[in-house]
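J.: The following comprises the amino acid sequence and a computationally predicted model.
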There are 2 protein chains.
Amino acid sequence: MKPFHKGKLYRVSLTPFRILVGYYFLTVGIVALLLSLPAARQEGADWSAMDAIFVAASSVSVTGLTTVSIPDTFTVTGIFILIFALQVGGIGIMTISTFFWIMLGKKIGLKQRQLIKADQNQLNLSGLVQMLKQILYLIILIEAAGALVLGTYYLNYFSSPQEAFLQGLFASVSATTNAGFDITGESLKPFAHDYFVQFITMILIILGAIGFPVWIEIKKFLFHKNTNEQFRFSLFTKITTATYFILLFVGTIVIIALEFNDFFAGKSWHESLFYALFQSTTMRSAGLLTMDINEFSVPTILFLSALMFIGASPSSVGGGIRTTTFALSILFLFHYAKGHRTIKIFNREIHPEDIIKSLVVLMLAVVMYSLSVLLLAITEDASLIAIIFETASAFGTCGASMGITPTLSTFGKWLLILLMFIGRVGILSFLFLMAKNEKAPDFHYPKERVIIG
Amino acid sequence: MKPFHKGKLYRVSLTPFRILVGYYFLTVGIVALLLSLPAARQEGADWSAMDAIFVAASSVSVTGLTTVSIPDTFTVTGIFILIFALQVGGIGIMTISTFFWIMLGKKIGLKQRQLIKADQNQLNLSGLVQMLKQILYLIILIEAAGALVLGTYYLNYFSSPQEAFLQGLFASVSATTNAGFDITGESLKPFAHDYFVQFITMILIILGAIGFPVWIEIKKFLFHKNTNEQFRFSLFTKITTATYFILLFVGTIVIIALEFNDFFAGKSWHESLFYALFQSTTMRSAGLLTMDINEFSVPTILFLSALMFIGASPSSVGGGIRTTTFALSILFLFHYAKGHRTIKIFNREIHPEDIIKSLVVLMLAVVMYSLSVLLLAITEDASLIAIIFETASAFGTCGASMGITPTLSTFGKWLLILLMFIGRVGILSFLFLMAKNEKAPDFHYPKERVIIG
Ligand SMILES: [K+]
Ligand SMILES: [K+]
């Protein structure tokens, strides 16, 4: 087996940001052009260059905010172009960033061969590509299965099988990639009382948002042969998965508590539970809704904005500051208060560099987010709470909307496009992109790495 | 000269938080009791235990938010009790935290005697106490001078000399301690076109908010005798002073820009300038106002909230996250983006421990602030923008109000009391107070220290 040379690895760790960003802009450009083809749009539908760029950026970043109504604007051809955009945006970016994550892991693994014995069974590049391919096939399989189940079930809802299966396919892809677009014209509101559709959708959302590296480890866990060696999930997988489900659970409880005497007044326990559970799940990054957010009270909308701001797992189809950033920041607060300068969790110590990264990402996100809200408050004729929500939705690439996106000024739309981009590629990638002389962080300690941002 | 023993110093650096907090609660209790004396209040004025605690907490934290109208509630005796509260709150806490700052500086100075030659001329405790006393006298002198100038000038405004000089004394103390209370019943609005009063008030505000350690260094700079040795201002003084004035300047410009076509429409250039300059100055921590904040537009109010959130210099009469926290956080972002893990500024390198501190303070403040806004949005029947502003005002111990404080729920009032306390003693003190086994940070590097939070 040929070992990696240091120079080669250094080059790889130097350019991921550029590759990611280049891929992003290229696909946005292509999608904007494709959506602008006459065949993509219905006759007489309003369409401008701004709309093309916004919808393309929103679909490649799998956000789901849109300046036009999807079912009223696009033909079936247009809808398939959108599906294509969601795949290259959601899964493509997820694959690229996962690739870099593994490369980074290997880099340490090579340097510390004696200390970290984990990843050694796939040290060559072709094995890695092979594995990513398998995972990609798995996602396509999940999307197809979702489309089949939802399409079949939708035969009850839609008049023709074509319509039912087109709806099923789009819904499955939109959920799995956490895109949050819909071709019903009213998101998942028609299924507000159909718990089956909601359940399937939530499963698909979680599979997409939980993060690609987690899948890889689960696959390894299920298929690892050497039974003498105990399989150990990485610290990253433990932290991100725990955080993901804690947020989902806490989100549900808080939504129920906040709306108990308001939106949920007079509703049955299962209605309330599903409204809260679905909206909590969707705020991680999906953006599909079974209700109108405007029906919630101001505190609930603020809370949902915070959930979207946090976002999904790193190297997933989601955005925001990411679960690990949130978890490490909060954990560090508690450890710091006790006089420690590091975090000990799951019998491991967090790399100091990752703690700094989390803090930087959080701070940068807070500054960027606050500034965006301030700017939109200046330029837009919308309520403050709607601006707070829509801005968080863009940065978290969630796409849940209070309805102000189509009426934003040109400046407002460009700002959301920028936020969706930053939310999707990750705030650290953005930071290193802005700075000319980017540098790979120096590794002094043989500690375990966690992805941030 | 007797050197400090390590054990002694350790004990000093272990307990400052407790001393500070103990002093705070003791004075709040005493002031609440004194204000509840019948002699302190006018006959028939509304007064409750809640009011007593709120006004006492607000005065000891020199915030200036109040649940009752000061001139309609208190007698001249009551007003003198308030003046006493502002002194023990504003100047007392400033003195205590300055004392600890110097002790911390000495600790390093002793360990690194060869490296840091600065503080050596006052290494004994009695010299230190002597110096603090001198500064205390200087503040009293400034307050007296301010009272004399304003009192004399107020003879034009008030019918009796007693009234004029009482107003002058209270205004001078309220400005110098950055308390922001008023006994005019409408803050500085009666002087909205009196640039002399505003100018004097701004001078007094800045003298209070610039930070005690800065005064000490200026004093040293002016009176140092050994002309062979070049006097050097500390990094702390340079950073905090630069940040203070940059914020003041940028604040003025942004307020003018945001309100150019709104509040300032039809106003002369000097009216606009003084409105903007005074409100920018007062947002650092003072809270006196020459206008009704409700007349500003939402973006301006958001911007002012951010200014209050940042607050004043450490070891000053102000609150908030403090200028140094803000400066180090922003500077670190830029340095981090360029691949550095430290900050180089004014030909010095910032101690890594202080960078971490800044990030922790900022993060904790953001979490605490957002949570407070969310809680108040749940419990209070007020507009979101008013809640955002009033919460920032409490945490920044600014005291500028959009008028909702008197109508807050009991929970809302207690929350503001807590925020005023945290804002005043500093978020780090609060953090270490919450954590049982507080520890002094370990110093590994011979670098220069900066106060955070
Ligand atoms: K989305
Ligand atoms: K104040």
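T.: Arrived safely. Ligands and ions are numbered 1, 2, ... in the order given.
J.: number of nearby residues for the closest residue to chain B within the stretch 251-400 of chain A?
T.: In the stretch 251-400 of chain A, the residue found nearest to chain B is A:Gly339; the distance is 3.0 Å by C-beta to the nearest C-beta. (Each C-beta comes from the backbone N, C-alpha and C, glycine too.) With neighbours defined by other C-beta atoms under 10 Å in any protein chain shown, the count for A:Gly339 comes to 14.
J.: State the distance from it to B:Glu353.
T.: Taking C-beta to C-beta, to the nearest Å as the measure, A:Gly339 falls 12 Å from B:Glu353.
J.: What of A:Ile255?
T.: To B:Glu353, A:Ile255 is 40 Å away according to C-beta to C-beta.
J.: in the stretch 1-150 of chain A, which spans are helices?
T.: Using DSSP state H, counting those that start in this stretch, the helices of the stretch 1-150 of chain A run over residues A:6-14, A:16-35, A:49-60, A:70-73, A:76-86, A:93-111, A:125-154.
J.: how about a markdown table for those helices, with mean pLDDT, distance to B:Phe326 and mean neighbour count added?
T.: Listed next are these as a markdown table, based on pLDDT from 0 to 100; distance: least, C-beta to C-beta, whole Å; neighbours: other C-beta atoms under 10 Å in any protein chain shown:
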| stretch | mean pLDDT | distance to B:Phe326 | mean neighbour count |
| --- | --- | --- | --- |
| helix A:6-14 | 44 | 32 | 13 |
| helix A:16-35 | 85 | 28 | 18 |
| helix A:49-60 | 92 | 32 | 24 |
| helix A:70-73 | 89 | 43 | 17 |
| helix A:76-86 | 91 | 40 | 21 |
| helix A:93-111 | 61 | 32 | 20 |
| helix A:125-154 | 84 | 43 | 16 |
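J.: JSON lines please, covering the ones you listed and showing distance to chain B.
T.: Output for the helices of the stretch 1-150 of chain A, formatted as JSON lines (distance: least, C-beta to the nearest C-beta, whole Å):
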{"stretch": "helix A:6-14", "distance to chain B": "11"}
{"stretch": "helix A:16-35", "distance to chain B": "11"}
{"stretch": "helix A:49-60", "distance to chain B": "23"}
{"stretch": "helix A:70-73", "distance to chain B": "31"}
{"stretch": "helix A:76-86", "distance to chain B": "30"}
{"stretch": "helix A:93-111", "distance to chain B": "16"}
{"stretch": "helix A:125-154", "distance to chain B": "27"}
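J.: for the residue of the stretch 201-350 of chain A found nearest ligand 1, phi and psi?
T.: Using C-beta to the ion, A:Gly287 is the residue of the stretch 201-350 of chain A that sits closest to ligand 1, at 3.8 Å. With angles defined as degrees, to the nearest 10, A:Gly287 sits at phi 90, psi 0.
J.: Next up, the contacts around the closest residue to ligand 2 within the stretch 351-453 of chain A.
T.: Ligand 2 sits closest to A:Ser370 of the stretch 351-453 of chain A, with a gap of 22.6 Å, by C-beta to the ion. The contact partners of A:Ser370, taken as C-beta atoms under 8 Å, 6 or more residues apart in numbering or on different chains, are B:Ala306.
J.: all helices for the stretch 201-350 of chain A, in order.
T.: Taking DSSP H, counting those that start in this stretch as the criterion, the stretch 201-350 of chain A carries its helices at A:212-223, A:235-259, A:269-283, A:298-310, A:323-337.
J.: Mind putting those helices into a markdown table with mean neighbour count?
T.: Below are these laid out as a markdown table (neighbours: other C-beta atoms under 10 Å in any protein chain shown):
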| stretch | mean neighbour count |
| --- | --- |
| helix A:212-223 | 17 |
| helix A:235-259 | 19 |
| helix A:269-283 | 21 |
| helix A:298-310 | 24 |
| helix A:323-337 | 22 |
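J.: How about the most centrally placed residue in chain A, nearest residue that isn't a chain neighbour?
T.: Nearest residue to the geometric centre of chain A (C-alpha atoms, centre = their mean): A:Gly318, 0.3 Å. In space, and not counting its chain neighbours, A:Gly318 is closest to A:Ala312: 2.3 Å by C-beta to C-beta, 6 or more residues apart in numbering or on different chains.
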